[in-house]
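**Student:** this one's sequence-less:
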């Protein structure tokens, strides 16, 4: 009978009884480089909530946790019908159900000078998977990509895992968070594979005008790069603003549109998104970008089949009244936030939000005592007042905070009462 080998840890590895030492199996180091995430930071803050006060969570982008932001009955009925039909218990095709891809193509085509087809659409597990697929497909050797700052950290993480060099371009707060196009021109080179925009903006609450989108498209076209347009907050705009899809300008440069039903329909937990190739001149096909997407979709899981089956009805049958009610709530909430910020000397907001459900707020650190940066601000605020906000450093903006106004008006007023009290208590002028 063969003798058993014995392994003993020596602190840095495993020493076997036969004399050799093997290093302990370790985590992929790339994962550890991108350990700071929105969820991770919010979990850290939630663990420090003041037990004496009710928690007010305005750091995350999930309005569905509040009763006033409930998805309409027709959406619930669609998923019930899909489930009870017993037709959608099996696997869906790799790119998604054909009928659903066609419905998404029709939805995204609205207002475009050309029509998309089901062959342009790929269904994903939320918009986050669409981001990951897109970054993997674009990750050619030595490539770089242009990301907005502030932006959405999932892009940075996906690029890091895929080995793409990240080059950040700035959004200008004093100019309604528009893109610094001169900087984009300076950052791009022959290894740049794409430019990412997020419109309406998470985290800024900005909505790009038709004219600005046209200038973005012309800049990208001049540089010879496609645009990845994250439009998961598409049509969630207010204050007389009109949402313009980037795909309107796909004749200038190819556009890869990312979107989903999470935000506009208030069902982020259903995890349904899409990646759409808006490419009337076939440039993405020429570069085999769509072929790459299809290869990845063949080896990765897609959204739940019963959700896919419900989507055509959801896109077709949801009333305009529901959307208008949601936008009214968000506009009222945005006004509350903007107006309350004006009353706090240590906080500053450059512009009133016009879309999504976020507002970026600058902290005047010099006006506060015992607070040295945005992370300390958020940590102290949750420990003293049980208000959860997201530190801006998570989004590439040190000494800013992101606040989600996807909450009832009364909840936001209470949150701002506590924030104002906190800032007054920590003011260095007292």
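**Tutor:** Nice, I can see it. Bear in mind the structure is a predicted one, so any value in this text is a computation, not a measurement.

**Student:** just the strands from the stretch 201-350 of the chain, written as ranges.
**Tutor:** For the stretch 201-350 of the chain, the strands defined by DSSP state E, counting those that start in this stretch occupy 227-230, 255-260, 273-278, 347-348.

**Student:** reformat those as TSV; add mean neighbour count, distance to residue 96 and mean pLDDT.
**Tutor:** The way it works is simple: take the backbone N, C-alpha and C, and place the C-beta from them, glycine included. Listed next are the strands of the stretch 201-350 of the chain as TSV, based on neighbours: other Cβ atoms under 10 Å; distance: least, Cβ to Cβ, whole Å; pLDDT from 0 to 100:
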stretch	mean neighbour count	distance to residue 96	mean pLDDT
strand 227-230	27	19	98
strand 255-260	26	12	98
strand 273-278	26	8	98
strand 347-348	19	44	97
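
**Student:** in a markdown table: these, plus distance to residue 324.
**Tutor:** Converted to a markdown table, the strands of the stretch 201-350 of the chain look like this (distance: least, Cβ to Cβ, whole Å):
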| stretch | distance to residue 324 |
| --- | --- |
| strand 227-230 | 24 |
| strand 255-260 | 20 |
| strand 273-278 | 24 |
| strand 347-348 | 31 |
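
**Student:** and residue 118, which of those strands is closest to it?
**Tutor:** strand 273-278 (10.4 Å; Cβ to Cβ).

**Student:** thinking again about what came up before, out of the strands of the stretch 201-350 of the chain, which comes closest to residue 215?
**Tutor:** It is, among the strands of the stretch 201-350 of the chain and with distance given as Cβ to Cβ, strand 227-230, at 12.0 Å.

**Student:** circling back: nearest to residue 37, of the strands of the stretch 201-350 of the chain?
**Tutor:** strand 227-230 (16.9 Å).

**Student:** and the contacts of that closest one?
**Tutor:** For strand 227-230, the external contacting residues (Cβ atoms under 8 Å, 6 or more residues apart in numbering) are 127, 131, 134, 138, 152, 194-199, 216-217, 220, 245-247, 253-259.

**Student:** so residue 419 touches residue 341, yeah?
**Tutor:** No - counting by Cβ atoms under 8 Å, residue 419 stays clear of residue 341, with 9.0 Å between them.

**Student:** I'd guess residue 48 is in a helix, am I close?
**Tutor:** No - secondary structure assignment (DSSP: H, G, I helix; E, B strand; the rest coil) places residue 48 in coil, not in a helix.

**Student:** please tell me how far it sits from residue 168.
**Tutor:** As judged by Cβ to Cβ, to the nearest Å, residue 48 and residue 168 stand 30 Å apart.

**Student:** could you point out the longest helix in the chain?
**Tutor:** Across the chain, the longest stretch assigned as helix under DSSP state H is helix 320-341.

**Student:** would you mark the buried spots in stretch 237-247?
**Tutor:** 237-238, 243-247 (16 or more other Cβ atoms under 10 Å).

**Student:** which non-adjacent residue is nearest the residue nearest the centre of the chain?
**Tutor:** Nearest to the mean C-alpha position of the chain, by Cα atoms, centre = their mean, lies residue 152 at 4.9 Å. Distance criterion Cβ to Cβ, 6 or more residues apart in numbering; nearest residue to residue 152, sequence neighbours excluded, is residue 202 at 5.6 Å.
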